[in-house]
Each structure stands twice: as C-alpha cells, then as structure tokens.
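Peer 1: A predicted structure for the sequence below; I have some questions about it.
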Amino acid sequence: METNPIRLTEWSEGSGCGCKIAPAILEQILASSGSYSQKDPKLLVGNSSKDDAAVYQVSEDLAVINTVDFFTPIVDDPFDFGRISAANAISDIYAMGGKPIFANAILSWPVEKLVPELAAKVLEGAKSICNSAGIELAGGHSIAAKDPIFGLSVNGIIHPKKIKTNSGAKEGDLIFLTKPIGVGVLATALKRGKIQEKDYWNLLDTACKLNSIGEILGNHEEVHAMTDVTGFGLLGHLIEMAEGAGLSAEIELGRIPLIEGIQDYINQFIFPDNTYRNWNAFSSKVTGIQGMDLVKFCDPQTSGGLLIAVAPENKDWFEATMKQAKEVFWEIGRFMAAEEFRVRVV
C-alpha cells in the first residue's frame, strides 16, 4: 500500500457511496421537485422506479442508457480513487443489462490546496478502468471547489426488450450476489488509520472489479431483475427490489458473503456512521436482524456487487453461466409473496 504525503480521505466526512444523501431526505427532494412526474413514453426507465440508470428508446431495437455517479475520496491514493469511482459508475450500465460505450468525467478539485498532478492521477486511474471496460473516457467537466469529488457520466446501449430493471423479480426467484460485503467498513478503517495492508488490497480487489457479467446476463430472459449494491447497503437495495416487484425477500444470514477480515473491524466498532443512517431508514421494513448483524446489511458499499433475481428452474443454467465466465457468486435467499416485512432474515 503506497503511502502518500497527502491523504485524500481527510478532505471529506463521508467517503465513496457512503456520502449519499439519506434515503428519507432524497425521497423528500424528489417528491417535492416533481421529479417522479415523467410523461415521455420513450423514457423507458426514469426516476419513478428508483433504478440504477435512465433508459431512453431511440428505435425499435435500440435504447440508450445514461447514468451519473460521483463522490468524495474513499481511499488516499488518487489513482485508486479514480479506479474505484470509474468502476462504480460503469456498474450502473451493467446493472441494467447494458453495454457501456463511453464516459465523461466529473471533477471537483481544490486547486489551491491539492496540486493538479494528483487530479491527473485520478483521471489516469479512471482511464485504466474505462480501458478494461472497452470504452473511452471521452471528455468531461471540472470545477474548482473546496472538496475533491470525482465520478463519471456513462452512456450505454441495450435492446429495449432486454432491459433488466430492479423491479422485475417474480415470486420464488432465487437471489444471488456477486461481490462480498464490507467496502464501507474497510474504507472507514482506512480513514481512521486502522486498516491492515492485506485488507487494503482486499478493498481494492473488490471495489475495482467490473460488474461486466451484467452485460452477458442482460441477454437472457431467465434473469428477471438486477441492481447493484451501493450506498444504501444490501438491505436498502433488497427493499427497493422487493417493493418494486410487490414482493418480500427471505435472506439467509449465514449465506451473506463478507470480505475477509471485516469482522475484526466490526468488533472494534469500525464502520461508517452512515450504516446507522441506512438502518434508521430501513429497519421498519425488515425482521430478524439482531445486534451488530445490522452492519452486514446496512454497510454502504461503493462499487458493490450485483443483486440478481433468477427463476428457480434456471438455477443450474445460471450457475453454469457464471462459472464459465469465471465470476464468483453467492445464493443468499429468495423472493416470496408480500408479507408484513419486505425483508425477512433467517
């Protein structure tokens, strides 16, 4: 782990997707602004569904996907900050089942306090991930401001009939997750100067990994719904999927994958403050979570894995497809008929 004379994480209270506006406040903003009122029939996916990206149909067999995602530093190294930010933003295209085609950068930089060379390193990191995704970092917009912020606006394409929304799950569908939980915990350990070097590399391995399997799964009707796990934690995004489909979800606690080593940090009460923000927002909709297990469900992820709903009769096909693509995955639960709670943990 490279040591930098300037620690980017000291320039922000939150970090990564953990600096998202709280769910209840965001809901108030969108509702009050009329953002849910969208009338263009060609806008296939917009604000009303709380999905990962907007989708606009341009022809019978082509739709354009657009997303924008940016945040304050989650790590100190500017190159790694750029890599994580880019992987996180591109993930929204994959979560819709789409193919990314190009991206534009969004950069806020305190130019009088942080040298331009550090910002250049951020862009280099982002370009490296864009190259891995097979897309160009085509341009962008920058401002001079007191907080370092970076992200991408990413454009993608998809067939209108192959869009994977977060609301398409069906009763009985199996729930799969493609990355372990714990990015928020490790980022907090880093910010507090408590992280072990091996755990830092685990953070990078997880957060920089592209969710490119989503583009492959977008071609298969056996997959009913997808979303990626980000700032609202596993619980928040599960609830969005369940509510969107008019269902509930049953999750097996022992099946939730964790990044190696994070339990030691949880035992030391090292996790993001926004973990409690997520718990306060979603606790009334879940049953079965006890004690510090709430961290596993509410830890805000940055560039987290995909949550995937698959018809149970297609389990063998799904697992074979994932193994052929050399993708890791965990089966963590199932969707069921709606009941009092949106998520039941057993």
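Peer 2: Received, thanks.

Peer 1: So which residues of the protein form strands?
Peer 2: 43-45, 54-59, 62-71, 99-109, 136-144, 149-158, 174-177, 223-228, 247-251, 286-287, 306-310, 330-337, 343-345 (DSSP state E).

Peer 1: Distance from the third one to the middle of the chain?
Peer 2: Counting by CA atoms, centre = their mean, to the nearest Å, strand 62-71 is centred 13 Å from the centre of its parent chain.

Peer 1: Output the strands of the chain as JSON lines; include the columns distance to residue 319 and mean pLDDT.
Peer 2: Quick note: C-beta positions are derived from backbone N, CA and C, even for glycine. Formatted as JSON lines, the strands of the chain follow (distance: least, CB to CB, whole Å; pLDDT from 0 to 100):
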{"stretch": "strand 43-45", "distance to residue 319": "28", "mean pLDDT": "90"}
{"stretch": "strand 54-59", "distance to residue 319": "28", "mean pLDDT": "95"}
{"stretch": "strand 62-71", "distance to residue 319": "27", "mean pLDDT": "95"}
{"stretch": "strand 99-109", "distance to residue 319": "23", "mean pLDDT": "97"}
{"stretch": "strand 136-144", "distance to residue 319": "34", "mean pLDDT": "94"}
{"stretch": "strand 149-158", "distance to residue 319": "24", "mean pLDDT": "97"}
{"stretch": "strand 174-177", "distance to residue 319": "9", "mean pLDDT": "98"}
{"stretch": "strand 223-228", "distance to residue 319": "13", "mean pLDDT": "97"}
{"stretch": "strand 247-251", "distance to residue 319": "19", "mean pLDDT": "98"}
{"stretch": "strand 286-287", "distance to residue 319": "27", "mean pLDDT": "97"}
{"stretch": "strand 306-310", "distance to residue 319": "9", "mean pLDDT": "98"}
{"stretch": "strand 330-337", "distance to residue 319": "8", "mean pLDDT": "98"}
{"stretch": "strand 343-345", "distance to residue 319": "24", "mean pLDDT": "97"}
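
Peer 1: need the helices for this structure, in chain order.
Peer 2: Ranges of helices in the chain, per DSSP state H, are 23-33, 78-95, 116-133, 183-191, 197-207, 213-217, 233-245, 262-267, 274-282, 294-298, 315-324.

Peer 1: looking at those, which has the lowest confidence?
Peer 2: For the helices of the chain, mean pLDDT drops lowest on helix 23-33, to a mean of 65.

Peer 1: quick check: domain ranges of this protein?
Peer 2: Listed by automatic domain parsing, the domain ranges of the chain are 8-162, 174-345.

Peer 1: These: which one's closest to residue 168?
Peer 2: For the domains of the chain, the distance to residue 168 is smallest for domain 174-345, at 3.9 Å, taking CB to CB.

Peer 1: now the end-to-end length of the closest one.
Peer 2: 15 Å (CA to CA, to the nearest Å).

Peer 1: swap in stretch 133-148?
Peer 2: So stretch 133-148: terminal residues 25 Å apart, CA to CA.

Peer 1: Reformat the helices of the chain as TSV; add distance to residue 106.
Peer 2: Compiled in TSV, the helices of the chain are given as follows (distance: least, CB to CB, whole Å):
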stretch	distance to residue 106
helix 23-33	19
helix 78-95	9
helix 116-133	10
helix 183-191	20
helix 197-207	18
helix 213-217	22
helix 233-245	23
helix 262-267	29
helix 274-282	21
helix 294-298	27
helix 315-324	32
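
Peer 1: can you tell which of those is closest to residue 141?
Peer 2: Going by CB to CB, the one of the helices of the chain nearest residue 141 is helix 116-133, 12.6 Å.
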